[in-house]
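>>> need coordinates for the following:
(4 chains)
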Protein chains: 2
Amino acid sequence: MAAKQSERERSAPKRRGRRPSTSPLQLEQVAFALFESKGFDATTVDDIAAAAGIGRRTFFRYFDSKNDIVWGNFTEHLGYMREWFAARPPDQPLMDAVRTVVVDFNRLDPDQVPWHRRRMELILRVPALQAHSTLRYAAWRQVVAEFVARRLGVSVDDLVPQALAYTVLGAALAAYEHWLANPQEELTSIIDRTMRDLANGFKSSHRYDSQRL
Amino acid sequence: MAAKQSERERSAPKRRGRRPSTSPLQLEQVAFALFESKGFDATTVDDIAAAAGIGRRTFFRYFDSKNDIVWGNFTEHLGYMREWFAARPPDQPLMDAVRTVVVDFNRLDPDQVPWHRRRMELILRVPALQAHSTLRYAAWRQVVAEFVARRLGVSVDDLVPQALAYTVLGAALAAYEHWLANPQEELTSIIDRTMRDLANGFKSSHRYDSQRL
DNA sequence: AGCATAATGACACCGAGTGTCAAATGAGAA
DNA sequence: TTCTCATTTGACACTCGGTGTCATTATGCT
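Numbering: from 1, shown residues only, chains lettered A, B, ... in the order given. Below you'll find the model as predicted:
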């Protein structure tokens, strides 16, 4: 669906037929308002379509599923992450490179923070979205695994790149949950700390506390 | 649903009313046969119920959802894992203890291997099940996090136990995928190797190859 | 004006999951 | 045996997410 979004945006210049009556972004905003007031599960697609003034069938032309609403243009962002990996200096140690990119990938403009927090609260706390997110995470992991495989000169499907990608994702998710529970801490700091723990094999983890960094 | 199963089994001795006309295990077997022949998505709950000779509504009294079929008595097994963690010698290093238990948790009787492989192929390859499985993994992670938190003397909700649990899960999943792709290798070996990589911070991972162990 | 293109919404359909309730079944008590 | 009570079952109706189809509407180009 983030794919749909970007296709739509890129093919802007010279239109031909009828103009879209809304946009993924606008639908996202309408939907988020409903999620906030009624909760995700209690909000039906009919509710969202009605609130946005479109038909139910039309909604599903903007998003493949109700779950996909919360993911914004994630797929597009993944492209940036891939580029950042490609731009890492070849002499930078593997885990340092991974940590740097993952931290940067999650750096936010201060004005985006509240919206991102609401997004992540949905993704990480609503069971239906927790489940669905797995499919998005797979694409994220793949980007990491591709970088690691390139660095190690092995196939993306080999155990090490996949295991590394899986564990890096895990570290990031734990960091995100900690961020949701501790709004005063900076997201990038938490991720950085967690990624260092991971690169350490959690050997000195008992010495960390929430004040560090 | 695995909860349902065990309640059902435990409350066996003195019955009163009408006897159940089937069992979760029998339904699982009927369902797996259908999944094998038609695929998971193409198999409807009606199909399963019909094949098992029960009504559709009755099916949902044995399993909370179609997805839950593939998880067998996972919740029950989790109990064992919790016990194994509790039985670890207090002087065993943290990551060694975790590795040992996770490896043991996935040790199989040779005759169970084919069935377990089919189960895991469904869980790890069918998108609907990949997604749903996240909810089961959360319970698994919690068991790991509880052990780690106890060892470190911190809260289960703290960053380190959660991050460790998340990454251990990730390592296990990568190992499982490798196992599915390489049936000749032993599952426990793969998991052991991956867990050692994790405890190493993947520092020497480029020296591993699929022959090791 | 007329044509091609693209988006829309109405309609009908499927499948998962749930609430309700009467009927079937089995064990123990009278 | 018959009555009673607990428990499971299945029929029915309903909600909701998601999809296929198709006529309609809006827009740009010739």
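
>>> so where's chain A uncertain?
Along chain A, the parts satisfying pLDDT under 70 run over A:1-14, A:205-213.

>>> what's the following helix or strand after the longest helix anywhere in chain A?
Criterion DSSP state H: the longest helix present in chain A is helix A:127-152. Using DSSP states H and E, the next helix or strand after helix A:127-152 towards the C-terminus is helix A:159-181.

>>> what is the subsequent helix or strand relative to that following helix?
helix A:187-199.

>>> wait, does that next one contact chain B?
Yes - applying Cβ under 8 Å from any Cβ of the partner chain, one finds helix A:187-199 in contact with chain B at A:I190, A:R193, A:T194, A:D197, A:L198, A:A199. Where you see a C-beta, it was placed from the backbone N, CA and C, and this is true even at glycine.

>>> show the contacting residues for A:S133.
Neighbouring residues of A:S133 by Cβ atoms under 8 Å, 6 or more residues apart in numbering or on different chains: A:I123, A:L124, B:A131, B:T134.

>>> put together JSON lines for those residues, with neighbour count and distance to DNA strand D on each row.
Shown next, in JSON lines, are those (neighbours: other Cβ atoms under 10 Å in any protein chain shown; distance: Cβ to the nearest atom of the strand, whole Å):
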{"residue": "A:I123", "neighbour count": "20", "distance to DNA strand D": "15"}
{"residue": "A:L124", "neighbour count": "15", "distance to DNA strand D": "19"}
{"residue": "B:A131", "neighbour count": "21", "distance to DNA strand D": "10"}
{"residue": "B:T134", "neighbour count": "17", "distance to DNA strand D": "15"}
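
>>> farthest pair within these?
Using Cβ to Cβ, these reach their maximum pairwise distance at A:L124 and B:A131, which is 14.5 Å.

>>> A:A31 contacts A:D68, correct?
No - assessed by Cβ atoms under 8 Å, A:A31 is found out of contact with A:D68, at 10.4 Å.

>>> what's the neighbour count on the closest residue to DNA strand D within chain A?
Closest to DNA strand D within chain A is A:S65: 3.0 Å, counting by Cβ to the nearest atom of the strand. Using other Cβ atoms under 10 Å in any protein chain shown, A:S65 is surrounded by 11 other residues.

>>> equivalent analysis for A:Q162, please.
By other Cβ under 10 Å, the residues close to A:Q162 number 27.

>>> before we move on, what about A:S155?
A total of 12 residues lie near A:S155 under the criterion other Cβ under 10 Å.

>>> and A:A33, by the same measure?
With other Cβ under 10 Å as criterion, A:A33 counts 13.

>>> now do the contacts for it.
A:A33 sits next to A:A51 when contact means Cβ under 8 Å, 6+ apart.

>>> and what of A:A97?
A:F85, A:R88, A:P89, A:F147, A:R151.

>>> try 10 Å
A:W84, A:F85, A:A87, A:R88, A:P89, A:P90, A:D91, A:F147, A:V148, A:R151 (Cβ atoms under 10 Å, 6 or more residues apart in numbering or on different chains).
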